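Chemist: Prediction below, plus the sequence it came from.
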Amino acid sequence: MALPVRPVGRACALAFTLGLPACSLLLQGDLVVVLCDAEGAFGPPACPEAETCVEGQCRNVGLPLGSSCTANDECRVPATCVDVGEVLGLEADRRCTVPCCSAADCGPSTYGLVCRPLELAAQSLCWPAADVPGAVSPGDGQPGALCKASSECRSGACEMGRCLDLCCKSSDCSSGGQACKLGPFPFGAESTWACGTPTEEASDEASAPCLLESDCRSGSCSLVIDGQRFCADPCCSSEDCGVTRSPAIAGAEYVLACSKLNGQRTCARVVPSTAVRRVGEVCEADEDCRSGPASRTPKATATAPISAATT
């Protein structure tokens, strides 16, 4: 049997109208409704302990992103409780978090969260900037925006006068002529997908033939088909990957899928031309799915990027 909910009194309603953080009225035998106007705010002063402001009311919907936790069911959906210390081989550090492509996926800058890359984990997670080596409390500057200090950037990272950020595709890098490319990042990641300025000789064409990393706008020359190297683009899923043509066989077209390469998600695997069905669609065999079969085809292999130092 549901408990009765009595609306708050006139005084509380007036307080809410005036923009006060929160208001409650204790009524004997009734469930208290606490109003708020700071959407997403967790705990005092906007709401009581362990409650979050959701659509104008304080609710116990689970711990918000960045909170310390011990189990998944403590976190607000869709967040889960992840021990990044276990992933990085450090002291245990369990937090409620979600995967992210960039800091924009971690809520407004007032939450104090940034997108943290995990070395060789092919994943980045929303994490409190205060607990990310190299990060500072973030501002609102978008990837590529001019900056003088890291605190001006949503990512919490400013380098060479531009805001940096992680990315899953070049459209995540909205300004400053940047592209999503493979390279180092200030938060301790030696190699990850991040917004950066391509070299002048880099090709703008996806899946273009290449010899060196610098030949590619993505900074990754890691796809090999019929002995020819191609530029490999970043991806979140195989839906982000297109097709490429082999110069060795006239008219041959290869469908690319997303795979884990050197710890990063990269369009560096060829799948059958029948692999067109999306996640959740009915299929009869692995070859029907856009992600393709688990094993690579004999004609295409993914290799580590070639740098000028190794040629």
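Modeler: Received, thanks.
Chemist: so how many other residues sit close to Pro234?
Modeler: By the other Cβ atoms under 10 Å criterion, the neighbourhood of Pro234 contains 28 residues. No exception for glycine: its C-beta is placed from N, CA and C like everyone else's.
Chemist: Apart from its neighbours in sequence, what residue is nearest it?
Modeler: Trp193 (4.4 Å; Cβ to Cβ, 6 or more residues apart in numbering).
Chemist: Tell me which stretches of this structure form helices.
Modeler: For the chain, the helices defined by DSSP state H cover 10-17, 84-88.
Chemist: averaging pLDDT over each of the ones you listed, which comes out lowest?
Modeler: Ranked by mean pLDDT, those bottom out at helix 10-17, with a mean of 43.
Chemist: for stretch 182-191, how far is the first residue from the last?
Modeler: Terminal residues of stretch 182-191 lie 6 Å apart, using Cα to Cα, to the nearest Å.
Chemist: Surely Ala232 is in contact with Arg265?
Modeler: No - proximity of Ala232 to Arg265 does not meet the contact threshold set by Cβ atoms under 8 Å, at 10.4 Å.
Chemist: Name the nearest residue to Asp286, sequence neighbours excluded.
Modeler: Spatial nearest neighbour of Asp286, excluding adjacent residues (Cβ to Cβ, 6+ apart): Pro293 at 4.0 Å.
Chemist: does the one you found really touch Val270, like I thought?
Modeler: No - in this structure Pro293 lies outside contact range of Val270 using Cβ under 8 Å: 10.5 Å.
Chemist: Which of the two has more residues huddled nearby?
Modeler: Each of Pro293 and Val270 has its neighbours counted (other Cβ under 10 Å); Val270 has more, 27 against 16.
Chemist: pLDDT wise, what is the more buried one at?
Modeler: Predicted confidence (pLDDT) for Val270: 84.
Chemist: ok, back up a step: same drill for Ala232 and Arg265, tell me which one is more crowded.
Modeler: Shown here are Ala232 and Arg265; by other Cβ under 10 Å, Ala232 has more neighbours (31 against 20).
Chemist: The more buried one: what's it in contact with?
Modeler: Going by Cβ atoms under 8 Å, 6 or more residues apart in numbering, Ala232 touches Ser207, Cys216, Ser218, Ser220, Cys221, Ser222, Leu223, Leu261, Thr266, Cys267, Ala268, Ala302.
Chemist: quick one: Val32 and Gln57, what's the gap?
Modeler: 11 Å (Cβ to Cβ, to the nearest Å).
Chemist: How much space separates the residue nearest to Asp286 from Ala149?
Modeler: With the distance defined as Cβ to Cβ, Pro293 ends up 48 Å from Ala149.
Chemist: Now find how far off-centre stretch 79-97 is within its chain.
Modeler: Here stretch 79-97 is found 16 Å from its chain centre; the criterion is Cα atoms, centre = their mean, to the nearest Å.
Chemist: What's the end-to-end length of it?
Modeler: Note: stretch 79-97 ends 5 Å apart using Cα to Cα.
Chemist: Could you list the residues in contact with it?
Modeler: With contact meaning Cβ under 8 Å, 6+ apart, stretch 79-97 is reached by 62-72, 74-76, 98, 116, 118-119, 121, 125-128, 131.
Chemist: can you list the weak-confidence ranges in the stretch 51-200 of the chain?
Modeler: Along the stretch 51-200 of the chain, the model assigns pLDDT under 70 to residues 89, 119-122, 174-176, 188-189.
Chemist: which residues in it form strands?
Modeler: Here the stretch 51-200 of the chain has its strands, by DSSP state E, counting those that start in this stretch, at 52-54, 57-59, 80-83, 94-97, 113-118, 123-128, 158-159, 162-163, 179-185, 189-196.
Chemist: buried stuff in the longest one?
Modeler: Just to be clear, that refers to strand 189-196. For strand 189-196, burial by neighbour count (16 or more other Cβ atoms under 10 Å) applies to Ala189, Ser191, Thr192, Trp193, Ala194, Cys195, Gly196.
Chemist: which two in the residues you listed are spaced the farthest apart?
Modeler: Using Cβ to Cβ, the pair of these lying farthest apart is Ser191 and Cys195, separated by 14.7 Å.
Chemist: and the residue nearest to Asp286, what is it in contact with?
Modeler: Each residue near Pro293 by Cβ under 8 Å, 6+ apart is listed here: Val271, Pro272, Asp286, Glu287.
Chemist: Mind putting the residues you listed into JSON lines with neighbour count and distance to Gln142?
Modeler: JSON lines is the format used below for the contacts of Pro293 (neighbours: other Cβ atoms under 10 Å; distance: Cβ to Cβ, whole Å):
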{"residue": "Val271", "neighbour count": "25", "distance to Gln142": "34"}
{"residue": "Pro272", "neighbour count": "17", "distance to Gln142": "39"}
{"residue": "Asp286", "neighbour count": "15", "distance to Gln142": "39"}
{"residue": "Glu287", "neighbour count": "14", "distance to Gln142": "40"}
